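Colleague: using only what follows, build the 3D model:
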Amino acid sequence: MDCLKREKGKLIILKKEKKCVERCFFKYAFPCAQVKVKLGSLTPEKYDELEREFLKNDFPDKEDLEKSFGVAFKRIGALAEKMGKEMWDPKVIEKYWTENHNEIIDGGDGMYGIASEDFKDLCKIHEAEVIKIGGDKLTVVYGNKQRIVSNFLVPEVGVGDKVRIHFAFAIEII
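Modeller: Model (predicted):
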């Protein structure tokens, strides 16, 4: 995660900004907010509010994030307990997005049990290689799949860079 890095096997917060973990969570969570509207678990008005923050590269506070992404935080809470850490610990948030999220999808938890394989693939976090840049769009490849995603969150990305993608966004360079 862009606020976090590994150094000698330890996870450290790069930015001294107190809200760094919230920013990281929101960058991964927002891309699926439109699905939450379609499912009725997020109002269109709340979506619009979240979108405004996302487009300003801002983020809601912890309470608002927990309320808006309640199912994720139920899962994060369980993961935190299993790890013996607080829910907002950077290691918990990192593990949720980089490992646990895809495991939940593969396990068919909740709506993922009835979702199509294509939808589940879109929902997963993938590590992909940038093979083409065209304006604000990136063509990325992962496995044997190619996809076009937005570079909004990673405007400095280059061809050959590895990125994490979620829905239609490159979330961060790795």
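Colleague: C-terminal to the lowest-mean-pLDDT helix or strand in the chain, what's the next element?
Modeller: Ranked by mean pLDDT, DSSP states H and E, the weakest helix or strand in the chain is strand 10-13, scoring a mean of 47. Scanning forward in sequence from strand 10-13 by DSSP states H and E, the next helix or strand is helix 20-29.
Colleague: for the residue lying closest to residue 159 once chain neighbours are set aside, what are its contacts?
Modeller: When the adjacent residues along the chain are set aside, residue 159 lies closest to residue 130, with 5.5 Å between them (C-beta to C-beta, 6 or more residues apart in numbering). Any C-beta I mention is one placed from the backbone N, CA and C, and that applies to glycine too. Going by C-beta atoms under 8 Å, 6 or more residues apart in numbering, residue 130 touches 138, 139, 140, 157, 158, 159, 160, 161, 162, 163, 170.
Colleague: which one of the residues you listed is nearest residue 41?
Modeller: Nearest to residue 41 among the contacts of residue 130 is residue 170, at 25.4 Å by C-beta to C-beta.
Colleague: could you measure from that closest one over to residue 162?
Modeller: Distance from residue 170 to residue 162, counting by C-beta to C-beta, to the nearest Å: 10 Å.
Colleague: show me the chain divided up by domain.
Modeller: 4-117, 125-173 (automatic domain parsing).
Colleague: mean pLDDT lowest where, among the ones you listed?
Modeller: Here the lowest mean pLDDT among those goes to domain 4-117, at a mean of 88.
Colleague: how far away from the center of its chain is that one?
Modeller: Put simply, domain 4-117 sits 6 Å off its chain's centre (C-alpha atoms, centre = their mean, to the nearest Å).
Colleague: measure the residue most central in space within the chain to residue 131 for me?
Modeller: Closest to where the C-alpha atoms of the chain average out (C-alpha atoms, centre = their mean) is residue 28, at 1.7 Å. Residue 28 sits at a distance of 23 Å from residue 131 (criterion: C-beta to C-beta).
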